[in-house]
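1. Sequence first, then the predicted structure:
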Amino acid sequence: MVDLRTPIESDGRIAIYTYKDPEGLDVLRHSSAHALAQAVKRLYPDAKFGVGPVIEGGFYYDVDTSHTITPEDLLKSKKK
């Protein structure tokens, strides 16, 4: 599976996945985890990230930071 920016260099099969497909949902969750990590890093530059896999029902990230992350911080990261 590749994104839309990957050049097509040989014949192959094309399939479009959306969040309604298991494969597309995994990609959405994976990308969302990266977006969350980027927002948290911008808000709290000392943040260090550990495990952050896609799981059934969403994703999570282990975050080590001197700041205690609260539900309000999640709203801040969503705005970022």
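-> Sure thing, it's come through.
2. which stretches of this protein form helices?
-> Under the criterion DSSP state H, the chain contains helices at 22-43, 71-79.
3. Specify the residue positioned farthest from the middle of the protein.
-> Distance from the centre of the chain peaks at residue 11, with 30.0 Å (C-alpha atoms, centre = their mean).
4. deepest of the helices of the chain, which one?
-> helix 22-43 (a mean of 15; mean count of other C-beta atoms under 10 Å). For the C-beta atoms, the positions are set from N, CA and C on the backbone; glycine is no exception.
5. could you measure the closest residue in space to residue 76 that isn't next to it in sequence against residue 25, distance?
-> Nearest residue to residue 76, sequence neighbours excluded (C-beta to C-beta, 6 or more residues apart in numbering): residue 43, at 5.9 Å. Residue 43 sits 27 Å away from residue 25, taking C-beta to C-beta, to the nearest Å as the criterion.
6. Next one: residue 26 relative to residue 79, how far apart?
-> From residue 26 to residue 79 the distance is 26 Å (C-beta to C-beta).
7. ok so, going back, phi and psi next, for the residue farthest from the centre of the chain.
-> Note on residue 11: its backbone torsions stand at phi -60, psi 150 [degrees, to the nearest 10].
8. picking up where we left off before, of the helices of the chain, which approaches residue 63 most closely?
-> helix 22-43 (6.3 Å; C-beta to C-beta).
9. Report all helices and strands that the closest one contacts.
-> strand 54-55, strand 58-59, helix 71-79 (3 or more C-beta pairs under 8 Å, 6 or more residues apart in numbering; DSSP states H and E).
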